[in-house]
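Colleague: Just need the structure, nothing else, for what follows:
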Amino acid sequence: MKSVELFVGAGGLGIGVSQAGFEPVAVVDWDRWACDTIRENSERGLSPLDKWPLTEGDVSLFDFGTLAGPIDLVTGGPPCQPFSLGGQHRAFLDKRDMFPQAIRAVRELRPRAFVFENVKGLTRSTFANYLEYIRLQLRHPDLTARHEEPWLCHLARLEDYETAGRHDGLHYNVVMRVLNAADYGVPQKRERVFIVGFRADLGVEWHFPTPTHSQDALLWWQYRTDLYWDLHRVAKKDRPAPSRGSARAALMRQFPMTEPWQTVRDAISDLPDPELMPGDFCGHHGHKFQPGARSYPGHTGSPMDEPAKTLKAGVHGVPGGENMLRRADGSVRYFSVRESARLQTFPDEMVFHGSWTEAMRQLGNAVPCKLGAQVAAQVRDCLIQV
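Modeller: Residues are numbered from 1 along each chain as shown. This next block holds a predicted model:
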């Protein structure tokens, strides 16, 4: 099945889509550092990046007419700065909003399906009207804005067309949901909104993947049995003190029918502490100590025995902000690039181009590969049947 990946960044969603069985005919991003990361890994022969037809450039200038169709899937994460909880919330007034280009891709390529993702901040009540505007444009991509038409006037026309019930020509059935990556086996509490659409003529019935992991299962493994601690060979004296989690576990009446949330310890316990290692640890590119971490209100780091807090791309008071490990004694250190890549479920063989700050920016903007793969696989399974 053929796909087009827009706003690929370091490739988290794109890798997941490729792992689900799609073959990209175009991979596009404007960011030089992210493109360098993809090129470097492609040159090293890392699958699936070694087969990606990468274009470095502005998506708004990309000619979709050059692609040989038909296209089964269009995916991507339009730049999220206008909607991020850490940004300035300018939304439709922000020139960085690339949703119009995602909609153009759907209109011109007419794919059988699309998957777009963005930060949870897009679902804030402040942006409710604009989110509905995005949804209706994706549902009716041929009903374009007129020259210099204000977006609210275009939204009103879309609403008229939607409620009239006469949907001739190209239109899509669209669903949206906020997914927590931890619920799908990613060792990180990372919430993203996914917008998925299927071309209406296909008659597809589809729903988002059912969560496979849960906090309750993790608490059961930690506090109703010793399996978690035994697996990691953590002595009783080194385990966390009783907490709300242990009290919650005590109230459970039956074993949860899911896998346990994956924790920071699950993800990185086989790596040595980079603070004790000179330079990169042999065999793990990017596993290097980054000095300067400190805890401050609202940014206290991630405990070892929970999924990590959301990795951040920007600078929040202290470079890297939340991207820290909090040890049992309360001390903190920054996650290395390799540890962060594991928290985002990137392949261990993948390297990230640029300094620690630049690599962390790429990682903080990415979709976990494992989450992207599960959403894309469920889309693939439906497309195979039509």
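
Colleague: Please count neighbours and contacts with C-alpha atoms only from this point.
Modeller: OK.

Colleague: okay, now residue 160: neighbour count?
Modeller: Burial of residue 160 is recorded as 11 neighbouring residues (other C-alpha atoms under 10 Å).

Colleague: Now do the helices in the stretch 1-150 of the chain.
Modeller: 12-19, 32-43, 99-109, 128-139 (DSSP state H, counting those that start in this stretch).

Colleague: Low-confidence ranges, the stretch 1-150 of the chain, go.
Modeller: The stretch 1-150 of the chain contains residues with pLDDT under 70 at 80-96.

Colleague: how about the strands of it, start to end?
Modeller: Taking DSSP state E, counting those that start in this stretch as the criterion, the stretch 1-150 of the chain contains strands spanning 2-6, 23-29, 54-56, 73-76, 113-119.

Colleague: And the third one, what's buried?
Modeller: Of the residues in strand 54-56, those buried by neighbour count under the rule 16 or more other C-alpha atoms under 10 Å are 54, 56.

Colleague: next one: the second one
Modeller: By 16+ other C-alpha under 10 Å, the buried positions in strand 23-29 come out as 23, 24, 25, 26, 27, 28, 29.

Colleague: Including distance to residue 212, could those residues go into JSON lines?
Modeller: Formatted as JSON lines, the buried residues of strand 23-29 follow (distance: C-alpha to C-alpha, whole Å):
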{"residue": "23", "distance to residue 212": "26"}
{"residue": "24", "distance to residue 212": "27"}
{"residue": "25", "distance to residue 212": "31"}
{"residue": "26", "distance to residue 212": "31"}
{"residue": "27", "distance to residue 212": "30"}
{"residue": "28", "distance to residue 212": "31"}
{"residue": "29", "distance to residue 212": "32"}
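
Colleague: List just the nearest of those residues to residue 128.
Modeller: Distance to residue 128, by C-alpha to C-alpha, is smallest for residue 29 among the buried residues of strand 23-29, at 27.3 Å.

Colleague: which residues touch that closest one?
Modeller: 6, 7, 8, 9, 35, 55, 56, 57, 58, 59 (C-alpha atoms under 8 Å, 6 or more residues apart in numbering).

Colleague: Correct me if wrong: residue 202 contacts residue 385.
Modeller: No. If you go by C-alpha atoms under 8 Å, residue 202 and residue 385 don't touch, sitting 9.9 Å apart.

Colleague: about what we covered before: from the contacts of residue 29, pick the one nearest residue 341.
Modeller: residue 9 (13.8 Å).

Colleague: Could you report the neighbour count for the nearest residue to that closest one once chain neighbours are set aside?
Modeller: Nearest residue to residue 9, sequence neighbours excluded (C-alpha to C-alpha, 6 or more residues apart in numbering): residue 34, at 5.3 Å. Residues lying near residue 34 (other C-alpha under 10 Å) number 25.

Colleague: before we move on, what about residue 220?
Modeller: By other C-alpha under 10 Å, neighbour count at residue 220 equals 23.

Colleague: What of residue 378?
Modeller: The tally of other residues near residue 378 (other C-alpha under 10 Å) stands at 15.

Colleague: For it, which non-adjacent residue is spatially closest?
Modeller: Excluding the flanking residues, the one nearest residue 378 by C-alpha to C-alpha, 6+ apart is residue 209, at 6.7 Å.

Colleague: Equivalent analysis for residue 353, please.
Modeller: Nearest residue to residue 353, sequence neighbours excluded (C-alpha to C-alpha, 6+ apart): residue 37, at 4.8 Å.

Colleague: Next, the contact list for the one you found, please.
Modeller: 10, 351, 352, 353.

Colleague: measure it to residue 58 for me?
Modeller: 17 Å (C-alpha to C-alpha, to the nearest Å).

Colleague: same question, residue 135
Modeller: 23 Å.

Colleague: Which of these two has more residues huddled nearby?
Modeller: Higher neighbour count among residue 135 and residue 58: residue 135, with 21 against 13, using other C-alpha under 10 Å.

Colleague: ok, the closest residue to the more buried one other than its chain neighbours to residue 213 distance?
Modeller: Of all residues not flanking residue 135 in the chain, residue 174 sits nearest, at 7.1 Å (C-alpha to C-alpha, 6+ apart). Distance, residue 174 to residue 213, using C-alpha to C-alpha: 26 Å.

Colleague: Also residue 247?
Modeller: Where residue 213 is concerned, residue 247 sits at a distance of 20 Å (C-alpha to C-alpha).

Colleague: For residue 33, which residues are in contact?
Modeller: 353, 354, 358.

Colleague: May I see the PyMOL selection of the buried members of these?
Modeller: In PyMOL syntax, the buried subset of those is picked out as below (16+ other C-alpha under 10 Å):
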select buried, resi 353+358
